[in-house]
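Q: Mind looking at a prediction? Sequence and model below.
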Amino acid sequence: MSGRIDARLAEIGVEIPVAATPAANYVPYVVSGNLVFVSGQVPFVNGELQYQGKVGADFDTDTAIKCARVCALNILAQVKAACGGDLDRVVKCVKLGGFVNCIDGYGEQPKVINGASDLMVEIFDDKGRHARFAVGTNALPMNVAVEIDAVFEIS
């Protein structure tokens, strides 16, 4: 299906990956009314887990920002699946929740999660502006550097 968002993706050179299947006993997204709740997405690239380790020890902030962008692409894959392949159905990116696996004393979590936030705005313009949290933690599943969940409003 080709629409306005697909044209925007082509214009900025962004490819949405195929939606990943869950790694445990949960669903990748739930549609409730006009909201899509996307489960936490981690940095899978072409089916391979990337960016395993701690920000501030194994990765610098710039690398972690790239990791957050990969998570955002995986979020969009789930939203696209929830919308039957039509991202033009997105009314609003409502909220992103960002977790950063980092060393004690690391304080740039908001900057890291900007990797996802910036992509949403780049693709959806004002519809991509959202509420958000960005927190640091001592561990994430599979030792990934970043995990992000999301809520979208769709038509």
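A: In hand now; what should we look at?
Q: any idea which element the spatially most central residue of the chain lies in?
A: The chain has Ala72 as the residue nearest its centroid, 2.2 Å off, counting by CA atoms, centre = their mean. According to DSSP states H and E, Ala72 maps onto helix 61-82.
Q: Three-state assignment for the residue sitting furthest away from the middle of the chain, please.
A: In the chain, the greatest distance from the average C-alpha position (CA atoms, centre = their mean) is reached by Gly105, at 24.4 Å. Following DSSP: H, G, I helix; E, B strand; the rest coil, the label given to Gly105 is coil.
Q: which residue packs closest to it, ignoring adjacent ones?
A: Gly56 (7.6 Å; CB to CB, 6 or more residues apart in numbering). Every residue, glycine included, has its C-beta placed from N, CA and C.
Q: quick one: the residue nearest to the centre of the chain and Val42, what's the gap?
A: 12 Å (CB to CB, to the nearest Å).
Q: again, but for Asp58
A: 15 Å.
Q: So between those two, which is more surrounded?
A: Higher neighbour count among Asp58 and Val42: Val42, with 24 against 16, using other CB atoms under 10 Å.
Q: Phi first, then psi, for the closest residue to that one other than its chain neighbours.
A: By the measure of CB to CB, 6+ apart, the closest residue to Val42 outside its immediate chain neighbours is Val144, 4.6 Å from it. The phi and psi values for Val144, taken as degrees, to the nearest 10, are phi -70, psi 160.
Q: Which strands or helices does the helix or strand encompassing Val100 pack on?
A: Element membership of Val100 [criterion: DSSP H and E] is strand 90-101. For strand 90-101, the elements it packs on are strand 35-41, helix 61-82, helix 109-124, strand 131-137, strand 146-154, judged by 3 or more CB pairs under 8 Å, 6 or more residues apart in numbering; DSSP states H and E.
Q: Near the residue nearest to Gly105, how many other residues are there?
A: 20.
Q: what sits against it?
A: Gly56 makes contact with 102-103, 105-106, according to CB atoms under 8 Å, 6 or more residues apart in numbering.
Q: swap the cut-off to 6 Å and go again
A: With contact set as CB atoms under 6 Å, 6 or more residues apart in numbering, Gly56 has these partners: 102-103, 106.
Q: Would you mind measuring from it to Gln41?
A: 22 Å.
Q: What of Cys102?
A: Counting by CB to CB, the gap from Cys102 to Gln41 is 18 Å.
Q: Equivalent analysis for Asn138, please.
A: 20 Å.
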